[in-house]
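Q: Okay, sequence plus prediction incoming.
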Amino acid sequence: MKFSEIPTRRFPLNFRKYCRLQDEIQTAADRFSDLGTTDGHAVFRELVEVRARLDQTWELIRQIEHRETGR
């Protein structure tokens, strides 16, 4: 089955879920940073990397959908 054929509501990572995850990860990262500790900052950095990986994953999904639809 093509990604572009899956209804949005059934897609494992649709835009709405992607945005929600980004927001939740950023909120957690900010809260760890606000602790003002070395350990808190280390967790912050790791969560920032998670957000970057999620961005890369979302871009891959978009590329696959564009390829499938010929855009």
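A: Happy to help now that I have it. Numbering: from 1, shown residues only.
Q: what's the helix or strand for the residue nearest in space to the middle of the chain?
A: Against the mean C-alpha coordinate of the chain, by C-alpha atoms, centre = their mean, the closest residue is L54 at 3.2 Å. Applying DSSP states H and E as the criterion places L54 in helix 38-69.
Q: same check, this time on F32
A: Using DSSP H and E, F32 sits in helix 15-34.
Q: what distance separates that helix from the middle of the whole chain?
A: Relative to its chain's centre, helix 15-34 lies at 9 Å (C-alpha atoms, centre = their mean, to the nearest Å).
Q: Buried residues, that helix. List them.
A: 29, 32-33 (16 or more other C-beta atoms under 10 Å). Quick note: C-beta positions are derived from backbone N, CA and C, even for glycine.
Q: Now do the contacts for D30.
A: Counting by C-beta atoms under 8 Å, 6 or more residues apart in numbering, D30 makes contact with F44.
Q: Give me the pLDDT for it.
A: pLDDT, D30: 98.
Q: now it: how far from H41?
A: According to C-beta to C-beta, to the nearest Å, D30 and H41 sit 11 Å apart.
Q: Likewise for L21?
A: L21 is 22 Å from H41, by C-beta to C-beta.
Q: Assess the claim that the residue nearest to the centre of the chain and C19 are in contact.
A: No. Using C-beta atoms under 8 Å, L54 is not in contact with C19; the gap is 10.3 Å.
Q: so what sits against both of these two?
A: Taking C-beta under 8 Å, 6+ apart as the contact criterion, no residue touches both L54 and C19.
Q: For R51, which non-adjacent residue is closest in space?
A: Nearest in space to R51, with sequence neighbours left out and distances taken as C-beta to C-beta, 6 or more residues apart in numbering, is I25 at 5.1 Å.
Q: My read is that that neighbour contacts E49, right?
A: No. Using C-beta under 8 Å as the test, I25 is too far from E49 to be in contact (10.0 Å).
Q: Tell me the buried residues in stretch 34-52?
A: Within stretch 34-52, the residues that count as buried by 16+ other C-beta under 10 Å are 43-44, 47.
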